[in-house]
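A.B. asks: Sequence first, predicted coordinates after that:
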Amino acid sequence: MVRIASKQPRKQRKIRYNAATHQRSRFLSAPLSRDLREEYKRRRARVVAGDTVLVLRGEHAGNEGVVDSVDTKKGMIEVHGVTVAKTDGTEVPRPVNPSNVVITKFKTDDSRRVAKLEERK
């Protein structure tokens with residue numbers, strides 16, 4: 001059966017909002033740095049807690065840090081060092097959209113992930 005895809009922004013938002021959790025992980029991919037792109041012969045990869053990323057957009061642009069957590073429900077990631085101050089002075093992590101970061105270094109603890117990344121080499 002052929003799926004009919006829509007270009008309408010409202011339907012794209014609806015698809016993302018109503019997607020199942022196993023499908024939401026696809027929305028959590030981020031572009032790779034030039035070095036990683038040349039090494040792994042791919043443009044994007046899923047962000048995993050432990051990866052090192054560089055924030056490109058927003059008030060925290062230029063900050064580089066390790067991904068602390070990945071929220072598949074909200075489609076956001078938390079980067080170490082990207083925080084915002086609350087009115088009482090405490091620092092809380094600021095969620096970042098994965099499309100606004102570049103992966104600069106992979107967490108290579110997972111052998112299955114490394115094998116999957118090196119598939120295209």
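C.D. replies: Received it, and whenever you're ready, just let me know what you need.
A.B. asks: Might you report the residue contacts of the residue most central in space within the chain?
C.D. replies: Per C-alpha atoms, centre = their mean, the C-alpha nearest to the average position across the chain is that of P98, at 3.2 Å. Neighbour list for P98: F27, L28, S29, A30, V47, G75, M76, I77 [criterion: C-beta atoms under 8 Å, 6 or more residues apart in numbering]. Quick note: C-beta positions are derived from backbone N, CA and C, even for glycine.
A.B. asks: ok, 10 Å please
C.D. replies: Shown in contact with P98 (C-beta atoms under 10 Å, 6 or more residues apart in numbering): 27-31, 44, 46-47, 53, 67, 70, 75-77.
A.B. asks: Okay, and which of those residues map to strands?
C.D. replies: Residues of these located in strands (DSSP state E): S29, A30, P31, R44, R46, V53, V67, V70, M76, I77.
A.B. asks: Quick check: R24 touching R16?
C.D. replies: Yes - the pair R24 and R16 passes the contact test of C-beta atoms under 10 Å, sitting 8.0 Å apart.
A.B. asks: more neighbours, these two?
C.D. replies: R24 (16 against 12; other C-beta atoms under 10 Å).
A.B. asks: Wait, a strand at that one?
C.D. replies: No - the assignment for R24 by DSSP: H, G, I helix; E, B strand; the rest coil gives helix, which leaves it out of any strand.
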